[in-house]
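Chemist: Kindly return the folded structure for what I paste below:
(4 chains)
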Protein chains: 2
Amino acid sequence: MLDDTWPRPLYQTIKDYVLDHIDSGKWKSGTRIPSESEIVKTLGASRMTVNRAIRELSVEGHVKRIQGVGTFVAEPKPKATLFEIRSIGDEIAARGSKHSSGIILQQSEPAIDAVADALDMEPGALVFHVYMVHCEDGHPIQIEDRYVNPAAAPDFLEEDFTKVTPSDHLLALLPVTEIEHTISSRLADEDECELLDISASEPCLELCRRSWSGSRTVTHVRLLNPGSKYNVGGRFKVTDTHNS
Amino acid sequence: MLDDTWPRPLYQTIKDYVLDHIDSGKWKSGTRIPSESEIVKTLGASRMTVNRAIRELSVEGHVKRIQGVGTFVAEPKPKATLFEIRSIGDEIAARGSKHSSGIILQQSEPAIDAVADALDMEPGALVFHVYMVHCEDGHPIQIEDRYVNPAAAPDFLEEDFTKVTPSDHLLALLPVTEIEHTISSRLADEDECELLDISASEPCLELCRRSWSGSRTVTHVRLLNPGSKYNVGGRFKVTDTHNS
DNA sequence: TGACTATACATGTATATACAAGCAGAATAT
DNA sequence: ATATTCTGCTTGTATATACATGTATAGTCA
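Modeler: Modelled structure (predicted):
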């Protein structure tokens, strides 16, 4: 929403001046905009004030700056809404329910091709694998099928995942810097139906996530949830997507 | 990821100084941090440099500033990943396919209670309602059931939604400032199965969204997609959620 | 003609100084 | 006891000046 307070700070006026030129098409993507000293002359502001305005536009993704070269109009980026990352334990606790879990499998194993691809590892390389069920107040609510890159979390398999979720373990260890996720709907297979205690016809929500910490792929997880018991969502401000 | 370039700019050193105190627990949420002039004395920097550092921490959501009062440690916010908002037409075009649509219903009607609630309107007030199917290369892929607040888009019903999607129409008209969305999985009912040309046992992905423009609720839409043909996802940097 | 150097211009960072605006609390007046 | 004013401290904004760093281009020399 436009900020209509008046008088506008000069740095905001400078931002608007640049944005007006960009939004109106006068300065197209890739165009070098006037230098700071040119804008100083044009708008009669100080260089520090101009620098603050342009720097903020840069952080916001409207322009791209290159020291010694200039300032260029950035490619417009798609609008995005934020999606909260939460651990299943936190979600359940937030509902006032009690989380518990059962470990079906927790081992080191040679990665099959799909898993190796997902973790950017060599096929056959050893990966950590956890297969488990999360329960809310004793009722199964989610199957977690997770593979972890041992290099990223060497002690992962030592953890007791009935006491701390794999997600919490990894988040405590490494900053997540990038996530890829896919949300889809499918039916559970026979084993999954049994683990989740649902009928074969119940639709399920599947969330697939890959996470990176810096340049390293950390984990690949598939979370399967009965559609009648689980949804994903939230309410957030809309922002422009841009890479930090 | 920490920026390890050296020497660090002084404003970054100041940011790190504050973040170290916050992350270590020395300054808990709600604590007033030292004033700018106190930090000037402590770190031997100029007030403009300190101001820049603290202002950036404020924009990033780590601290909250109140003019004339002070700077306070903000509540930690959950990590979030960005979710791209796209029109179904754009999604289909991005796959190199052709989008088309069929309008089942497009009318003004009194809002039932659930719709009125969703749009923050009085029950029985007139709302615009569009019920339609989106197709990709002739195959139905999504049912769109949308209600729009007439005050936000008075000319909405005049649009030909076989030529422009309701989403594109609204986006062209109003800036979206806030979105609430829920993704869930359910089975389609008999009518929906027929419209989507799917069997009764096919699991479906349902996306519900409410959108605001400023303080006004603009639209409430439910999008139903066969699980075999549709998923939602993307890959983004992780960021802290914070309100702009 | 190519390599090297110098120059100009760009952004990046920093300081000193000043004034504006907001807020909380102390001091004063009624 | 209450209202008003004043003071001190805080953040917000702005300018002038300076130096650092990066890049592109022109000029010079072998």
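
Chemist: Just confirm A:Asn56 is within a helix.
Modeler: Not Asn; residue A:56 is Glu. Yes. A:Glu56: assigned to a helix according to DSSP: H, G, I helix; E, B strand; the rest coil.

Chemist: Tell me who's in contact with the closest residue in space to A:Ser35 that isn't next to it in sequence.
Modeler: Among residues not flanking A:Ser35 along the chain, A:Gly70 sits closest, at 6.4 Å (CB to CB, 6 or more residues apart in numbering or on different chains). Using the backbone N, CA and C atoms, a C-beta is placed for each residue, glycine as well. Neighbour list for A:Gly70: A:Arg32, A:Ile33, A:Ser35 [criterion: CB atoms under 8 Å, 6 or more residues apart in numbering or on different chains].

Chemist: any idea which of those residues is closest to B:Lys64?
Modeler: A:Ile33 (32.3 Å; CB to CB).

Chemist: So what's the residue count around the residue nearest to the closest one when sequence neighbours are not counted?
Modeler: Nearest residue to A:Ile33, sequence neighbours excluded (CB to CB, 6+ apart): A:Thr71, at 5.0 Å. When neighbours are counted by other CB atoms under 10 Å in any protein chain shown, A:Thr71 registers 22.

Chemist: Was I right to think A:Thr71 contacts A:Ile39?
Modeler: No. Counting by CB atoms under 8 Å, A:Thr71 does not reach A:Ile39; the two are 9.4 Å apart.

Chemist: list the residues that contact both of these two?
Modeler: A:Ile54.

Chemist: What is the burial count for A:Pro123?
Modeler: Counted by other CB under 10 Å, the residues lying close to A:Pro123 total 12.

Chemist: let me fix that: A:Pro9
Modeler: Neighbour count of A:Pro9, defined by other CB under 10 Å: 13.

Chemist: Report the separation between it and A:Thr49.
Modeler: Computed as CB to CB, to the nearest Å, the A:Pro9 to A:Thr49 distance reads 9 Å.

Chemist: Also A:Gly61?
Modeler: A:Gly61 is 21 Å from A:Thr49, by CB to CB.

Chemist: which residues in chain A form strands?
Modeler: A:32-33, A:63-66, A:70-73, A:79-84, A:99-110, A:126-136, A:139-148, A:178-187, A:203-213, A:216-226, A:231-240 (DSSP state E).

Chemist: Let me know the average pLDDT across the shortest one.
Modeler: Going back to what we said before, that points to strand A:32-33. Across strand A:32-33, pLDDT averages out at 94.

Chemist: for the third one, same thing?
Modeler: Per-residue confidence for strand A:70-73 averages out to 95 on the pLDDT scale.

Chemist: right, is that strand up against DNA strand C?
Modeler: Yes. With CB under 7 Å from any atom of the strand as the threshold, strand A:70-73 lies in contact with DNA strand C, specifically through A:Gly70, A:Thr71.

Chemist: about what we covered before: what residues are bridge-paired with the residue nearest to A:Ser35?
Modeler: Taking DSSP bridges, one obtains A:Ile66 as the residues bridged to A:Gly70.

Chemist: so how far is A:Lys26 from it?
Modeler: 17 Å.

Chemist: cool, A:Val232 as well?
Modeler: 41 Å.

Chemist: quick one, which of those two is more surrounded?
Modeler: A:Val232 (22 against 11).

Chemist: Which residues are in contact with the more buried one?
Modeler: Listed by CB under 8 Å, 6+ apart, the contact set of A:Val232 reads A:Phe83, A:Ile183, A:Leu205, A:Leu207, B:Thr182, B:Ile183, B:Ser184.

Chemist: For A:His139, which non-adjacent residue is closest in space?
Modeler: Closest residue to A:His139 apart from its sequence neighbours, by CB to CB, 6+ apart: A:Asp197 at 7.3 Å.

Chemist: Excluding chain neighbours, what is closest to A:Ser199?
Modeler: A:Cys193 (6.9 Å).

Chemist: Report how many residues lie close to that neighbour.
Modeler: Under the neighbour criterion other CB under 10 Å, A:Cys193 is assigned a count of 17.

Chemist: Let's see the pLDDT reported for A:His169.
Modeler: 88.

Chemist: Tell me how far the residue of chain A at minimum distance from DNA strand D lies from A:Arg222.
Modeler: At 2.3 Å from DNA strand D, A:Gly68 is the closest residue in chain A, using CB to the nearest atom of the strand. Per CB to CB, A:Gly68 is found 47 Å from A:Arg222.

Chemist: which one of these two has more residues nearby?
Modeler: Using other CB under 10 Å as the criterion, A:Gly68 and A:Arg222 rank with A:Arg222 on top: 16 against 4.

Chemist: re earlier: neighbours of the residue nearest to A:His139, how many?
Modeler: 12.

Chemist: so it touches A:Gln142, yeah?
Modeler: No. Using CB under 8 Å, A:Asp197 makes no contact with A:Gln142, being 11.9 Å away.

Chemist: what residues are up against the residue lying closest to A:Ser87 once chain neighbours are set aside?
Modeler: Nearest residue to A:Ser87 in three dimensions, chain neighbours excluded: A:Ser167, at 4.4 Å (CB to CB, 6+ apart). Listed by CB under 8 Å, 6+ apart, the contact set of A:Ser167 reads A:Ser87, A:Ile88, A:Gly89, A:Val221.

Chemist: so which two of the residues you listed are the farthest from each other?
Modeler: Within the contacts of A:Ser167, A:Gly89 and A:Val221 form the most distant pair, 14.3 Å apart (CB to CB).

Chemist: separation between the residue nearest to A:Arg52 when sequence neighbours are not counted and A:Glu56?
Modeler: What sits nearest to A:Arg52 in space, not counting adjacent residues and going by CB to CB, 6+ apart, is A:Tyr11, at 4.9 Å. Noted for A:Tyr11: a distance of 7 Å to A:Glu56, by CB to CB.
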